Structure formats: structure tokens, C-alpha cells
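Trainee: Any chance you can model this:
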Amino acid sequence: MPDSRENNTLSIDPIEFLAGVERVWRAHDGVTAAAAYTDDAVVYYGENLTHTGEKLRAWPTRWFEYTKDLDIRKTYRGHAGDCIVGTWESNYTSPETGKKVYERGAELFFVRGDMVYEHHMWQHSWAEGDIHNDKGFAT
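Mentor: All right, here's what the predicted structure looks like:
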């Protein structure tokens, strides 16, 4: 849940913040990625899933080990109060199928000082060569 402190403003440049996140993820630097979160941080993703504590600290490195050829680009979309909004596009080779996987997502970073205390992610993923029935919506 967003921080309800009276002064919810950024003390950092939100565009540079997101560019820094992109640099770390493009470098596959799990240690630096994990260090960007406060001790009490929560990452929300998927169907009611979260990362906290040690699970959160291990998550970036585990993801980079799984997506060895990950290529990711992040785009700043806006900010308000202590929240920075971005989108991303990425691709990697699935170690399970050998197929190229493409992703497109959006994320909210709630920032305290220069560290993330809450992070929300949504994404769509699809494998190369998948045939989709375009019904005008996706689930």
C-alpha cells in the first residue's frame, strides 16, 4: 500500500532513477538490483504473489540466472508524489523450451529517499512463433 506520509515527494530525478534501474538490469547485476530496495520493501506481481525479505534479495539474481540472455529496455512514463511509473520490453530464451520469450510490462516504484519500498509489476509474455487468436482483448 502506498506510503501515507504527509510529504510524499521525490528527492531524486525520476528519469535518471529509471535509467539507473535499466542499466542495472541490462548488466544482469542481481546484487545491485536487490540493494535498491528498503529492508521493509514489498514487490507485488502475478496472481497475489509477493517478494519480501530474503526472497526479494535473491529474486534478481535468480531471474538473471534463468534468463541468461535477457535484453530489457525500460521507459519512463511519469511520476506523482513518491511514485515513478515505467514500462518495459524484454526478451530472453526460455531454458525450458529453447524458444525466444517476449515480454511487455508496466511497473510502479514507490520510493523513499533513493530506495524502493513498494514495487508493482504487470506483464504480458508470449513465445516466438505462438499463434494468437486476436479477439480484441488479452487475458
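Trainee: ranges for the strands of this structure?
Mentor: For the chain, strands defined by DSSP state E occupy the ranges 37-45, 49-52, 71-80, 83-93, 100-112, 115-127.
Trainee: in the second one, what's buried?
Mentor: Neighbour counts using 16 or more other CB atoms under 10 Å place residue 51 of strand 49-52 among the buried residues. C-beta coordinates here come from the backbone N, C-alpha and C atoms, glycine included.
Trainee: State the phi and psi torsions of residue 36.
Mentor: Main-chain dihedrals, residue 36, degrees, to the nearest 10: phi -80, psi -10.
Trainee: State the pLDDT value of it.
Mentor: pLDDT recorded at residue 36 is 97.
Trainee: residues contacting the nearest residue to it once chain neighbours are set aside?
Mentor: Distances taken as CB to CB, 6 or more residues apart in numbering put residue 116 closest to residue 36, at 5.6 Å, once the chain neighbours are dropped. Contacts for residue 116 (CB atoms under 8 Å, 6 or more residues apart in numbering) come out as 36-38, 41, 109-110.
Trainee: which residues touch residue 85?
Mentor: By CB under 8 Å, 6+ apart, the contact list for residue 85 reads 76-79, 106-109.
Trainee: Tell me how far it lies from residue 43.
Mentor: Distance, residue 85 to residue 43, using CB to CB, to the nearest Å: 16 Å.
Trainee: what bits of the protein have low per-residue confidence?
Mentor: Across the chain, residues meeting the criterion (pLDDT under 70) sit at 1-8, 137-139.
Trainee: that older thread, from residue 83, how far out is the residue nearest to residue 36?
Mentor: From residue 116 across to residue 83, the span is 10 Å (CB to CB).
Trainee: Please enumerate the shared neighbours of these two.
Mentor: Taking CB under 8 Å, 6+ apart as the criterion, residue 116 and residue 83 both touch 109-110.
Trainee: hmm, back to that, mind checking which of the contacts of residue 85 are buried?
Mentor: Neighbour counting by 16+ other CB under 10 Å classes 76, 79, 107-109 among the contacts of residue 85 as buried.
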